[in-house]
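[1] next comes the sequence, and after it the predicted model I'd like to discuss.
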Amino acid sequence: MNRRRKRCPKCGQLGALPIAYGYPSPEQYEAVERGEVVLGGCCVWDGMPEWRCQGCDHEWGNLRVSDQPKRDRDYYLSLRNQYKPVTLKLIFVCESPPASGKYFYDKTGCIAEHLFRAMTRDILGYDARDKEDGLRAFQAAGYFLVDATYAQVDKGLTEAERDSIILRGYPQLEEDLLGLDPQRRAPLILVKKNVCEILGPRLATNGFRVLNEGQVVYYPSTGNQKKFRSQMSAIFLKGIESSQA
Ligand SMILES: [Zn+2]
């Protein structure tokens, strides 16, 4: 028995259990059966509790997700590029991987993540069993998702700071897109208001086919999902019309 004798700060009982996050592995289920760990759900971000008291259910701790592993551009690209379609049909350009760690191409994440859900359910019309399943379906459809910058800009910055990082990152984004699709054959759809406004005109000027054509697409966070769906379907309809013309 190697369980740490952790004491609950609220009721004083010993034997609190560590909370395991993420999509549980068979080993984790066995550890739960043995009473060594409790499951905290598959969504995980900084600040979540690390321990749960078996006596009073009190949870405490301050989980640091973003410390492990190092989340730099190479890290994100290594996850992303596992799901690169053989033939690129459509590239979505989003803002940046979230500071929370819920990166679109992280297969250990949760199917309830906003962007993942929007891309699989709303765009593909596919109900994924888990993230890996949904990411493979996304790949099979020829769809790919890149970020305008791989610096996390969604926390702790003003809008102006964030926009200037996106703008400064433009040359690297263009290089990334040309590396994926040298002939610029696959059309792009930009997601998130500032990304649409800052990058839309630049990409179009530089020879990319931006399906938005000025249409802003909101990020599909809580409250915006409906708008995301209608904005996207307008773009898809227009794209289909223009490819038939
Ligand atoms: Zn307790």
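    Thanks, I have the structure now.
[2] gap between the residue nearest the centre of the chain and L145?
    When CA atoms, centre = their mean is applied to the chain, the residue found nearest the centroid is F104 (2.6 Å). Distance of F104 to L145, given as CB to CB, to the nearest Å: 5 Å. Where you see a C-beta, it was placed from the backbone N, CA and C, and this is true even at glycine.
[3] tell me who's in contact with the residue lying closest to Q139 once chain neighbours are set aside.
    Excluding the flanking residues, the one nearest Q139 by CB to CB, 6 or more residues apart in numbering is Y83, at 4.5 Å. Going by CB atoms under 8 Å, 6 or more residues apart in numbering, Y83 touches Y105, L135, R136, F138, Q139, F144.
[4] all helices for the protein, in order.
    Secondary structure of the chain (DSSP state H): helices at 26-33, 73-80, 114-117, 131-140, 159-168, 170-180, 193-205, 225-244.
[5] buried set for the fourth one?
    I take that to be helix 131-140. Neighbour-count burial for helix 131-140 flags K131, G134, L135, A137, F138, Q139 (criterion: 16 or more other CB atoms under 10 Å).
[6] I figured the last one hits K89, correct?
    Same thing as Q139. No - using CB atoms under 8 Å as the test, Q139 is too far from K89 to be in contact (10.6 Å).
[7] columns pLDDT on top of the buried residues of helix 131-140, output as a markdown table?
    What follows is those, written out as a markdown table (pLDDT from 0 to 100):
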| residue | pLDDT |
| --- | --- |
| K131 | 96 |
| G134 | 98 |
| L135 | 98 |
| A137 | 98 |
| F138 | 98 |
| Q139 | 98 |
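[8] which of these lies closest to the ion?
    K131 (33.4 Å; CB to the ion).
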